[in-house]
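Asks: coordinates for the following, if possible.
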Amino acid sequence: MSETQPGSRIGSRFGPYQLRRLLGRGGMGEVYEAYDTVKDRVVALKLVSEEVSSDDVFRRRMQREARTAGRLQEPHIVPIHDFGELDGQVFIDMRLIEGRHVGTELSRTGPLPPPRAVAIVEQVASALDAAHRAGVIHRDIKPENILLTEGDFAYLVDFGIAAAATDQRATRMTKTGAAIGSWNYMAPERFGNDDPTYRVDIYALACLLFECLTGTTPFQATSLSSLMAAHLVEPIPRPSQRNPAVPAAFDEVVARGMAKDPNDRYPTAGDLAKAALHALSTPDQREATELIQHSRHFAPPPRIEPFAAQPAPPPPAWFTAPPGGPWAPPAPPRRRLGLVIGALALVVAVIAGTGVWLAVGKSGDPPPDASPTTTTAAPSTTSAATSSAAPTVGPAQLDSLLLPVDQINALVGTTGIIVEGSTREMTDPDPTSTVSDDKCTGAFIGLQTRTYKSSGYTAMLAQVMKKPQSDPPNVVVQGAVIFASADQARGFVNNQWPQWRDCGGKTVTQLGEKGSLQWTFGQISGNPPNIALQHTLANSLVVCQHVLEAASNVVFDVDVCGLGVINQARLIANQMATKIPG
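Replies: Prediction:
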């Protein structure tokens, strides 16, 4: 690195350390080659950024995790010499390893030969299993955190920092506009409220294996929200399809390692590595074994210096092995993972602005029963042509058009969504929940009087559903609106299409009792009779999709809001349309 590196502290002194060379810089801080003047040695010194270290939870966890990681006698873990705080600056002193990280190797060579990929993954798995037995979760497995030295000996780095970083970091990263980076390897439960278990590392290790075999990350995305959605709901990709040179047996290894449910993954990182070895052909298995044995000749000598810190606390109870038996994985989490991030408790405000939510909240209507009553709108003055054909669907059939809860859960990709309420009356948004651009209100908020006024609709039924024990909840509004004719239903969608199109790319402000929220529309997708438009909450991963679909004399008006929303509203509307008789 240049001695004139902008913003670096090269040449300065930090406590007993002389900072010689900037080795790397990232969201967590800077790493320097430094000379320890007290112990007369050259080390890698990580200076943690103030933004991260100002988190009290982080500081406490870092002390605990670094203390434990510093005692690990595992050759594939970079030894931690010391850690602490000097003049308000949090630091970690580690052994200096001269090598290249796996990310650099992949950029230089492309996909690795399967035997070499397996040999590297086996070494990383060895480090992870040692850490997991001690109660330490790494939380940031990625190519840039794996250093390769002579003989392809692999080191897993950044234990003290990565393990300490709380999952609030996800919110922080979106606010600071960070690059996708580590999100390529994040397990689905990292986006939820449950405390992550050691199996988030197994998921990331499977992602690493995929990338070593194919040269690409499992999911290709250009934004954090779409990448998060991929981890949550998209099918697990097959490495053999991405790279035909990869044996098909690796597809199952990756599929199990990246299972959405952490309990469906391999019990240990070592189990994943063994499965990867067995996925190779017999000659390649021999080659991988030889590579692993060869790398051990370049292992560092055992560390004899005692770690200068207080006694380490015992591992958490969920890491403890049964008496007299081998280490066992922790008990399953108490709740299924959900499409949630606790720090983004804003999605309720989205649906709070809709006429449906207000109607339900004020009336407290129960879910629809088998004997619905109907509400008739004012006579139609729509310009759409009327059809002489009799309507296929009448008001008495509205209930049959809504999807059951279990189907909604399946289409959204979660569990635990329940019916919050229903309504058969449209209303307009409360004045405290309006959108700055009135022309985009219909695209932003569904099932409201101002949009359907004079459209010719004769009856409607809408249902609000959400996941109550998550923060923020996934919110689904499924609505069916009956028109006098199929032409009027299609004409309504035709009239909405240019308004939605013109809102594409715009940023609007939602005004509410608790302040304002900034939303940015995507571009409209589809053409009448099926159109969709997304809008994303600023500085967050909350996405809402609004869909209109006309089928027969019915318009299906569907909203889905939450984390990981990609095309769920359209899937719901499509399934509702299939329920029309005939």
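
Asks: need the longest helix for this structure.
Replies: helix 114-133 (DSSP state H).

Asks: what lies in contact with the next helix-or-strand element following that helix?
Replies: Downstream of helix 114-133, the first helix or strand assigned by DSSP states H and E is strand 146-148. With contacts defined as CB atoms under 8 Å, 6 or more residues apart in numbering, strand 146-148 is touched by 78, 97, 99-102, 105, 120, 124, 154-157, 208. Backbone N, C-alpha and C define where each C-beta goes, glycine included.

Asks: let me have those in JSON lines, extended by distance to Q499 and secondary structure.
Replies: Converted to JSON lines, those look like this (distance: CB to CB, whole Å; DSSP: H, G, I helix; E, B strand; the rest coil):
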{"residue": "V78", "distance to Q499": "57", "secondary structure": "coil"}
{"residue": "I97", "distance to Q499": "59", "secondary structure": "coil"}
{"residue": "G99", "distance to Q499": "57", "secondary structure": "coil"}
{"residue": "R100", "distance to Q499": "54", "secondary structure": "strand"}
{"residue": "H101", "distance to Q499": "50", "secondary structure": "strand"}
{"residue": "V102", "distance to Q499": "50", "secondary structure": "helix"}
{"residue": "E105", "distance to Q499": "52", "secondary structure": "helix"}
{"residue": "I120", "distance to Q499": "54", "secondary structure": "helix"}
{"residue": "V124", "distance to Q499": "53", "secondary structure": "helix"}
{"residue": "A154", "distance to Q499": "56", "secondary structure": "strand"}
{"residue": "Y155", "distance to Q499": "57", "secondary structure": "strand"}
{"residue": "L156", "distance to Q499": "53", "secondary structure": "strand"}
{"residue": "V157", "distance to Q499": "53", "secondary structure": "coil"}
{"residue": "L208", "distance to Q499": "46", "secondary structure": "helix"}
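
Asks: thinking again about what came up before, so which elements touch the longest helix of the chain?
Replies: If you count contacts as 3 or more CB pairs under 8 Å, 6 or more residues apart in numbering; DSSP states H and E, helix 114-133 packs onto strand 146-148, strand 154-156, helix 199-214, helix 269-278, helix 282-296.

Asks: okay, the angle between the last one and helix 269-278?
Replies: By that I understand helix 282-296. Going by axes from the mean of the first three to the mean of the last three CA atoms, to 10 degrees, helix 282-296 is angled at 130 degrees with respect to helix 269-278.

Asks: buried sites along helix 282-296?
Replies: Under the neighbour-count criterion of 16 or more other CB atoms under 10 Å, helix 282-296 has 284-285, 287-289, 291-292, 295 buried.

Asks: if we can go back for a sec, closest to G270 out of the contacts of strand 146-148?
Replies: Nearest to G270 out of the contacts of strand 146-148 is V124 (CB to CB; 10.4 Å).

Asks: got the buried residues for stretch 221-232?
Replies: Those would be 221, 224-232, for stretch 221-232 by 16+ other CB under 10 Å.

Asks: out of those residues, which sit inside helices?
Replies: Counting by DSSP H, those place 224-232 in helices.

Asks: so the spatially most central residue of the chain versus A221, what's the distance?
Replies: Residue closest to the mean C-alpha point of the chain, counted by CA atoms, centre = their mean, is M228 at 3.0 Å. As judged by CB to CB, to the nearest Å, M228 and A221 stand 8 Å apart.

Asks: tell me what the helix or strand that contains G491 is packed against?
Replies: Using DSSP H and E, G491 sits in helix 486-503. Contacts defined by 3+ CB pairs under 8 Å, 6+ apart place helix 486-503 against helix 441-444, strand 475-483, strand 530-537, strand 542-551, strand 554-563.

Asks: hmm, 7 Å instead?
Replies: Secondary-structure packing of helix 486-503 (3 or more CB pairs under 7 Å, 6 or more residues apart in numbering; DSSP states H and E): helix 441-444, strand 530-537, strand 542-551, strand 554-563.

Asks: and of these, who's closest to R64?
Replies: With CB to CB as the measure, strand 554-563 is the member of the helices and strands packed on helix 486-503 nearest R64 (28.9 Å).

Asks: so what strands line up beside the closest one?
Replies: Strand pairing for strand 554-563, using DSSP bridges, gives strand 475-483 (antiparallel), strand 542-551 (antiparallel).

Asks: average pLDDT across that strand?
Replies: Mean pLDDT, strand 554-563: 91.

Asks: could I have the CA atoms of it written out in CSV?
Replies: C-alpha atoms of strand 554-563 as CSV (Å, rounded to 0.1, in the frame of the first residue of the first chain):
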residue,chain,number,x,y,z
VAL,A,554,-63.5,-9.3,-11.1
VAL,A,555,-60.5,-7.2,-10.3
PHE,A,556,-58.1,-8.8,-7.8
ASP,A,557,-56.3,-6.0,-5.8
VAL,A,558,-53.4,-7.4,-3.8
ASP,A,559,-50.7,-5.8,-1.6
VAL,A,560,-47.8,-7.6,0.0
CYS,A,561,-45.4,-5.7,2.3
GLY,A,562,-42.4,-6.9,4.2
LEU,A,563,-38.8,-8.0,3.8
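
Asks: now that strand against helix 224-233, angle please.
Replies: Using the same axes, to 10 degrees: strand 554-563 against helix 224-233 is 100 degrees.

Asks: what distance separates whatever helix or strand comes next after strand 554-563 from the centre of its chain?
Replies: The helix or strand immediately downstream of strand 554-563 is helix 568-577, counting by DSSP H and E. With CA atoms, centre = their mean, to the nearest Å as the basis, helix 568-577 stands 23 Å off its chain's centre.

Asks: ditto for stretch 266-283
Replies: Stretch 266-283 sits 26 Å away from the centroid of its parent chain (CA atoms, centre = their mean).

Asks: what comes into contact with that stretch?
Replies: Stretch 266-283 is contacted from outside by 114-115, 118, 121-122, 125-126, 128-129, 201-202, 205-206, 209, 247, 249-250, 253, 256-257, 285, 288, 329, using CB atoms under 7 Å, 6 or more residues apart in numbering.

Asks: buried subset of the residues you listed, written for ChimeraX?
Replies: In ChimeraX, this line selects whichever of the contacts of stretch 266-283 come out buried by 16+ other CB under 10 Å:
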select :114,115,118,121,122,125,126,128,129,201,202,205,206,209,250,253,256,257,285,288,329
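
Asks: now, which of the contacts of strand 146-148 sits nearest L19?
Replies: For the contacts of strand 146-148, the nearest to L19 is I97 (17.6 Å; CB to CB).

Asks: could you check the pLDDT of that closest one?
Replies: So, for I97, pLDDT stands at 89.

Asks: which stretch among the helices and strands packed on helix 486-503 comes nearest C503?
Replies: helix 441-444 (4.7 Å).

Asks: helices or strands up against the closest one?
Replies: Helices and strands touching helix 441-444, by 3+ CB pairs under 7 Å, 6+ apart, are helix 486-503.

Asks: quick check, T414 in a strand?
Replies: No. With DSSP: H, G, I helix; E, B strand; the rest coil as the criterion, T414 is assigned coil and is not in a strand.

Asks: quick one on the thing from earlier: most tightly packed of the helices and strands packed on helix 486-503?
Replies: Mean neighbour count, computed with mean count of other CB atoms under 10 Å, is highest for strand 554-563 among the helices and strands packed on helix 486-503, reaching a mean of 28.

Asks: thinking again about what came up before, need the ones in helices among the buried residues of stretch 221-232 in a markdown table (columns: pLDDT).
Replies: Below are these laid out as a markdown table (pLDDT from 0 to 100):
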| residue | pLDDT |
| --- | --- |
| L224 | 73 |
| S225 | 72 |
| S226 | 78 |
| L227 | 83 |
| M228 | 82 |
| A229 | 82 |
| A230 | 87 |
| H231 | 89 |
| L232 | 86 |
